[in-house]
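*Asks:* take this sequence and fold it.
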Amino acid sequence: MKTHPKKRIEVIVEVPAMQRIVDRIDRADVSGYSILSVVAGRGGDRSWTVDGQIGDAAKMVAIVCITDASKVDDLLSSIFDVVSHQIGLVSVSDVHVVRPERF
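*Replies:* Numbering: from 1, shown residues only. Got it, this is the predicted structure:
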């Protein structure tokens, strides 16, 4: 089966910053994204979990989108404007899709 190269961008950020990231993805004309709950993790020298958290301030989500390489630099710059002031992680990886018209 033929596959087509794309880029996957994943942003892990606190829930209060989620909508600002989504707005930037929408403005970059990316066709879609998925938002996943992040229930635990480890960063730096400590582990964390959502157990016992009250409210959304300390909860985390992973926002994942797949797009053309031509959109990555501008989108990353826009996302970094939000993430640079938050706890979070941004990664970019190469992926291959079987239905390129959806991205």
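*Asks:* contacts, neighbours, all on C-alpha from now
*Replies:* Noted.
*Asks:* contacting residues around H96?
*Replies:* By C-alpha atoms under 8 Å, 6 or more residues apart in numbering, the contact list for H96 reads T3, H4, P5, K6.
*Asks:* most neighbours out of those, which is it?
*Replies:* The most neighbours of any of the contacts of H96, using other C-alpha atoms under 10 Å, belong to K6, which has 19 neighbours.
*Asks:* tell me which helix or strand Q86 sits in.
*Replies:* Taking DSSP states H and E as the definition, Q86 sits outside all helices and strands.
*Asks:* now do the longest helix along the chain: distance to the chain's middle.
*Replies:* Longest helix in the chain by number of residues (criterion: DSSP state H): helix 72-83. Distance of helix 72-83 from its chain centroid, counting by C-alpha atoms, centre = their mean, to the nearest Å, is 10 Å.
*Asks:* give me the contact list for it.
*Replies:* K7, V13, A17, R20, I21, R24, I25, A28, L89.
*Asks:* what residues does the closest residue to S31 other than its chain neighbours make contact with?
*Replies:* Using C-alpha to C-alpha, 6 or more residues apart in numbering and skipping residues adjacent in sequence, the residue nearest S31 is F103, 5.8 Å away. Contact partners of F103, counting by C-alpha under 8 Å, 6+ apart, are V30, S31, G32, I66, T67, D68.
*Asks:* D26 too?
*Replies:* G32.
*Asks:* what strand or helix carries D29?
*Replies:* Using DSSP H and E, D29 falls outside every helix and strand.
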